[in-house]
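1. build me a structure from this.
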Amino acid sequence: MSRFFVVVVVALSIEGLVATFRAIHENPAQLPYAASILVGVGVLLASWGLFIHLNRSAEELEPEAMADAKREDLKLK
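-> Predicted structure coming up:
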């Protein structure tokens, strides 16, 4: 999931930067839309950081359950 999320965040960041530069040079009225893309990327990054923090806390609380879940994941591969 993390690899997919990295791809999505990077793609949206690049799209936001391209839209920002295009809006600055061609149509400044489109600048709020470009800014909303970048704000959305910021929210995604913050939520991803919260997810990682909570996941690490869960691993520390119940290491045996997390080890069992990882073994089950290996069976699926």
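
2. tell me the contacts of Thr20?
-> Contacts were defined as CB atoms under 8 Å, 6 or more residues apart in numbering; by that measure Thr20 touches Leu31, Ala34, Ala35, Leu38. The C-beta positions use only the backbone N, C-alpha and C, and glycine is treated the same way.

3. and Ala23, by the same measure?
-> Applying CB under 8 Å, 6+ apart to Ala23 gives the contacts Ala29, Gln30, Leu31, Tyr33, Ala34.

4. so which of those is the most crowded?
-> Ala34 (19 neighbours; other CB atoms under 10 Å).

5. Tyr33: which element?
-> helix 31-61 (DSSP states H and E).

6. list the buried ones in that helix?
-> Buried residues in helix 31-61, defined by neighbour count with 16 or more other CB atoms under 10 Å: Ala34, Ile37, Leu38, Val41, Trp48.

7. for that helix, packing partners?
-> The contact analysis (3 or more CB pairs under 8 Å, 6 or more residues apart in numbering; DSSP states H and E) places helix 31-61 against helix 2-25.
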